[in-house]
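Asker: coordinates only, sequence not included:
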């Protein structure tokens, strides 16, 4: 807790988050992908979509296969994120060098490249649904 009370701690954490989000925007743009990088403070989230994300319904209509491919590409290069989400959480343990390394690996991730295999099966699956867990209005 003492670490959290030190002056500049939260400013530093928020600066790391801003650096990560800005870097992700650049990487995705350079790779030619339509995606949104969202978040605030030490949180970043990538949504592969060609429309504005304003709520759960619009996020649900994103390209989850592309998100999965992105996560697998990172995993193959030693970065493990929650496989059910493209959210990234930073902590005080992270450094500017960690952000640079992450962005370099994200840029080199082959599954992020166009035409890449989206998984071991090679299928471009849209993900799975658990019955009863669709967003309100889905399937209408």
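Answerer: Structure's in. What do you need? Owing to the predicted nature of the structure, the values given are computational and were not obtained by experimental measurement. Numbering: from 1, shown residues only.
Asker: same for the one helix or strand residue 26 maps to, what does it pack against?
Answerer: Per DSSP states H and E, residue 26 falls inside helix 9-30. In terms of contacts (3 or more Cβ pairs under 8 Å, 6 or more residues apart in numbering; DSSP states H and E), helix 9-30 is packed against strand 36-38, strand 43-47, helix 96-108. Placement of C-beta: from N, CA and C, glycine included.
Asker: now the second one: mean pLDDT?
Answerer: For strand 43-47, the mean per-residue pLDDT is 92.
Asker: report the next helix or strand after it in sequence order.
Answerer: Following strand 43-47 in sequence, per DSSP H and E, is helix 56-60.
Asker: does residue 49 touch residue 64 like I think?
Answerer: No. Counting by Cβ atoms under 8 Å, residue 49 sits too far from residue 64 to count as a contact (9.9 Å).
Asker: quickly compare the helices and strands packed on helix 9-30 and say which is most buried.
Answerer: strand 43-47 (a mean of 21; mean count of other Cβ atoms under 10 Å).
Asker: okay, angle between that one and helix 96-108 too, please.
Answerer: Strand 43-47 and helix 96-108 are oriented at 10 degrees to each other (axes from the mean of the first three to the mean of the last three Cα atoms, to 10 degrees).
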